[in-house]
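> task: produce atomic coordinates for the following.
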Amino acid sequence: MSASYNPFFKRVVIATQHDENVHGLLDFFDAPTPWGPWATIKYYDRQNHFGAQRPRSELEWKNNVFFAAFPTKWLEGDRFVLNFTGGGRGKDNDSFNTVEGFFIRP
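Okay, the predicted model is just below:
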């Protein structure tokens with residue numbers, strides 16, 4: 001689990017996983033304070049796991065991703081960089097990964 005405070009939105013964002021370790025079952029939640037109340041940003045399940053597709057690669061992240069975070073160094077306004085790692089099983093995903101994106105207010 002990781003938690004980051006986004007000063008632009010004045011929200012805490014948590015990245016965690018559920019059910020089974022190293023299976024891309026990631027969850028993202030946010031709240032106005034560290035004690036909640038929590039709202040779901042995104043919840044990945046077995047039918048729609050994080051990293052089902054890897055552009056320009058035939059390898060999956062499904063059974064490999066085990067940690068994700070929104071480093072505060074890379075939070076700027078509504079922009080974020082998601083950082084995640086892999087389990088390093090053989091050649092699968094022993095790497096440092098980043099994905100840029102934007103938070104959208106509902």
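> the nearest residue to K42 once chain neighbours are set aside - how many residues pack around it?
In this structure, K42 finds its nearest non-sequential neighbour in F28, 4.7 Å apart by CB to CB, 6 or more residues apart in numbering. Glycine gets a C-beta too; all of them are placed from N, C-alpha and C. Number of residues near F28 (other CB atoms under 10 Å) recorded here: 18.
> tell me how far F28 lies from F103.
Plainly put, F28 is 10 Å away from F103 if you go by CB to CB, to the nearest Å.
> so where's this protein uncertain?
19-24, 49, 51-66, 87-95, 106 (pLDDT under 70).
> follow-up on the earlier one: contacts only, for the residue nearest to K42.
The neighbours of F28, taking CB atoms under 8 Å, 6 or more residues apart in numbering as the test, are V13, I14, A15, T40, I41, K42, Y43, A68.
> try it again at 7 Å.
Residues counted as contacts of F28 (CB atoms under 7 Å, 6 or more residues apart in numbering) are V13, A15, I41, K42.
> quick one, strands of the chain?
2-6, 11-17, 26-31, 39-43, 65-69, 79-86, 96-102 (DSSP state E).
> for T98, give its distance to F67.
Plainly put, T98 is 13 Å away from F67 if you go by CB to CB.
> still on that earlier bit, quickly list what the residue nearest to K42 is bridged to.
Judged by DSSP bridges, the bridge partners of F28 are A15, K42.
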